[in-house]
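S.K.: Task: produce atomic coordinates for the following.
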Amino acid sequence: MAAAAIPATHADLAAARGVGVLSTVDAAGMPQATAIWFLHEDGVVRTSLLETRQKVRNLRKQPKASLLIVDPANPYRTLELRGEVTFDEDPDRTFFRHIVTSYGGDPDTFPDDDTPRVTLNLTPSRVVTFGAPPES
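M.R.: Numbers count the residues shown, from 1 in each chain. Model prediction:
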């Protein structure tokens with residue numbers, strides 16, 4: 001299934017190095033939301049997560065999520081990406097290093113331990129936008 005397209009009016013939010021809120025559902029059916037760094041590459045949103053995190057356990061049981069991105073210059077302009085999630089193992093931390101570097105960090109000094117990491121891949125099947133694009 002092809003990823004749902006992000007309209008040009010909100011593509012800047014997916015491309016920016018901002019913070020998004022990843023929402024999952026826990027075993028009791030309650031929502032769980034976490035602020036994350038993300039990269040939008042080839043229609044898929046990706047992030048690096050510690051294997052031991054609650055959001056990973058939630059998504060292994062129910063592989064659906066939503067990522068909400070709020071425009072830092074206009075909180076009334078948002079982009080929400082809803083879809084299916086898959087995981088890739090990241091034993092040598094290649095993607096972890098990529099995302100930390102993309103956000104201007106140094107992977108060698110970034111706080112991290114030996115906990116296994118996975119790469120979360122969110123393929124949007126629904127895109128919800130709100131608010132007008134910035135005026136040029």
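S.K.: got the buried residues for the longest strand along the chain?
M.R.: In the chain, assigned by DSSP state E, the strand with the most residues is strand 117-130. Residues of strand 117-130 classed as buried: 117-124, 127 (neighbour count, 16 or more other CB atoms under 10 Å). From N, CA and C alone the C-beta is placed, and that goes for glycine too.
S.K.: for stretch 30-46, same thing?
M.R.: 32, 36-40, 44-46.
S.K.: Could I get the contacting residues of the residue nearest in space to the middle of the chain?
M.R.: When CA atoms, centre = their mean is applied to the chain, the residue found nearest the centroid is Phe38 (4.3 Å). Going by CB atoms under 8 Å, 6 or more residues apart in numbering, Phe38 touches 20, 22, 45-47, 67, 99.
S.K.: rerun that using 10 Å as the cut-off
M.R.: Taking CB atoms under 10 Å, 6 or more residues apart in numbering, we find Phe38 in contact with 14, 16-20, 22, 45-48, 67, 69, 81, 99, 102-103, 120, 122.
S.K.: again with Gly29
M.R.: Gly29 neighbours (CB under 10 Å, 6+ apart): Gln62.
S.K.: likewise the one 5 residues further on?
M.R.: For Thr34, the contact set (CB under 10 Å, 6+ apart) comprises 20-24, 47, 49, 53-55, 58.
S.K.: Distance to Gln62, pLDDT and secondary structure added to the buried residues of stretch 30-46, as JSON lines?
M.R.: Formatted as JSON lines, the buried residues of stretch 30-46 follow (distance: CB to CB, whole Å; pLDDT from 0 to 100; DSSP: H, G, I helix; E, B strand; the rest coil):
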{"residue": "Gln32", "distance to Gln62": "11", "pLDDT": "95", "secondary structure": "strand"}
{"residue": "Ile36", "distance to Gln62": "18", "pLDDT": "96", "secondary structure": "strand"}
{"residue": "Trp37", "distance to Gln62": "23", "pLDDT": "96", "secondary structure": "strand"}
{"residue": "Phe38", "distance to Gln62": "20", "pLDDT": "97", "secondary structure": "coil"}
{"residue": "Leu39", "distance to Gln62": "23", "pLDDT": "97", "secondary structure": "strand"}
{"residue": "His40", "distance to Gln62": "23", "pLDDT": "96", "secondary structure": "strand"}
{"residue": "Val44", "distance to Gln62": "19", "pLDDT": "96", "secondary structure": "strand"}
{"residue": "Val45", "distance to Gln62": "17", "pLDDT": "96", "secondary structure": "strand"}
{"residue": "Arg46", "distance to Gln62": "19", "pLDDT": "97", "secondary structure": "strand"}
